[in-house]
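> Predicted model follows, preceded by the sequence.
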Amino acid sequence: MATPSNELEHKAREAFMDDDFALAAALYTQAIAAGPPTAALYADRAQAYTKIGDFAAAATDAARAVELDPAMARAHLRRAHACVKLEQYDAARAAVEAGAALAPGDARFARLMKEIDGKAPKPMETEACAVPAVAAAAPVPVPVPAPAEKPKYRHDFYNSAAEVVVTVFTKGVAPEHVAVEFGEQMLSVSVEVPGEAAYHLQPRLFGKIVPDKCRFAVLSTKIEVRLAKAEPGTTWTSLEFTDKPKLTATASPAASGGAQRPCYPSSSSRGRKKDWDKIEAQVKKEEKEEKLDGDAAANKFFQDIFGNADEDMRREMTKSFQESNGTVLSTDWKDVGSKKVEPSPPEGMDLRKWEY
């Protein structure tokens, strides 16, 4: 059962994903007061304080998170960000070094260290720059842009009428190292394996979902998350929120004034829709006008008789055909209704009974 602190933490994360950082900070404060306070709560409130520009409070919260859990890499990262904004570069450098040692694969620490070195070079580097004025100016190194951070795990998604299925391609990750949370328009997937860089997927979703109906499963090669759409029948063109309108897969009969025959896109028609009623009518017309010979003509003849007959005539034809093993086809109920129709093979052919 969820505690008041857990519920407040959940609401705080939703507010953060909705870019309401002040509300998120206030809700995290209530969650900490509801207790017990955790390193995660202080680290997340530090992030919210950073977003609203209260860097001193962010630095204090991040330091408290480090005290509660020295092995939490993101707490060191939050503290480093806040200290850079406060121009406390020595404290920022120490926080980056501690966090990088815990998560050596996290490129954010390397980028932040470059930023710190650019703003406040180490003393040894400062002394090296103090050359006589008469010395020739050393060439200024051109900064190399940091490579884009590559996610630890690849993820993908696809639509169904009622759900969006998100797959994170992990391998050999135990369920106890995975945490998944749902909000009205928020998804949070965290993978924290001891000794490895943490992975977080926290998008603001394309559309709203029904959290109580969402579910996930941790499998041997992946994490599969099923998001229940709040608006079934819509197609998400991306996983994350966008200003582009939603694509509706089906139209409501009430809105269109009646049942609507579906039209399906064709790859050969470059996006044009096909009217299947028109195609069906055309096929029937071609079948009716088709010229057939031999057995095909005879079969079509009997099919036309059966197709245009009333229920009584169909009953007569079915009874005579079945009881005669396909050798008699009668439309006279007086003749076939009161007796069994005996087989009558064509002239020159023998009737044989087979045992199965």
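It's in. Numbers count the residues shown, from 1 in each chain.
> Over to the nearest residue to Glu181 once chain neighbours are set aside. Which of the three states is it?
Spatial nearest neighbour of Glu181, chain neighbours left out: Ser188 (4.4 Å); criterion: CB to CB, 6 or more residues apart in numbering. In short, each C-beta sits where N, CA and C put it, glycine included. Under DSSP: H, G, I helix; E, B strand; the rest coil, the three-state class of Ser188 is strand.
> Now for Ser188: which residues touch it?
Neighbouring residues of Ser188 by CB atoms under 8 Å, 6 or more residues apart in numbering: 13, 179-182, 200-202.
> what's the answer for Gly105, then?
152, 196-197.
> cool, Asn308 as well?
Asn308 is in contact with no residue at all, counting by CB under 8 Å, 6+ apart.
> mind checking how far it is from Met317?
The gap separating Asn308 from Met317 is 12 Å, by CB to CB, to the nearest Å.
> and the residue nearest to Ala34 when sequence neighbours are not counted, how many neighbours does it have?
Once flanking residues are discounted, Ala34 sits nearest to Ser5: 4.1 Å by CB to CB, 6+ apart. By other CB atoms under 10 Å, the residues close to Ser5 number 18.
> Spell out the secondary structure type for Ser5.
Per three-state DSSP, Ser5 ends up helix.
> ok, back up a step: show the pLDDT at the residue nearest to Glu181.
Predicted confidence (pLDDT) for Ser188: 91.
> Over to Gly195?
Per the predicted model, pLDDT is 87 at Gly195.
> Please shift the residue numbers so they start at 38 in all later answers.
Right, with 38 as the first residue, what we last looked at is Gly232.
> Can you classify it by secondary structure?
Per three-state DSSP, Gly232 ends up coil.
> Now do it against Glu200, distance only.
Taken as CB to CB, the span from Gly232 to Glu200 is 35 Å.
> out of the two, which sits in the busier spot?
Counted by other CB under 10 Å, Gly232 and Glu200 do not tie: Glu200 has more neighbours, with 18 against 8.
> pretty sure the more buried one contacts Ala267?
No: with contacts counted by CB atoms under 8 Å, Glu200 stays clear of Ala267, the gap being 11.3 Å.
> Excluding sequence neighbours, find me the nearest residue to His214.
Closest residue in space to His214, ignoring its immediate chain neighbours: Val230 at 4.9 Å, by CB to CB, 6+ apart.
> The one you found and Glu213 touch, don't they?
No: between Val230 and Glu213 there is no contact, the gap being 9.8 Å when judged by CB under 8 Å.
> These two: which is more packed in?
Neighbours per residue, other CB under 10 Å: of Val230 and Glu213, the larger number sits with Val230, 16 against 9.
> what are the phi and psi values for the more buried one?
phi -100, psi 130 (degrees, to the nearest 10).
> do Thr204 as well
phi -120, psi 120.
> how much space is there between it and Val255?
12 Å.
> Check for me that Phe253 belongs to a helix.
No: secondary structure of Phe253 (three-state DSSP): strand, not part of a helix.
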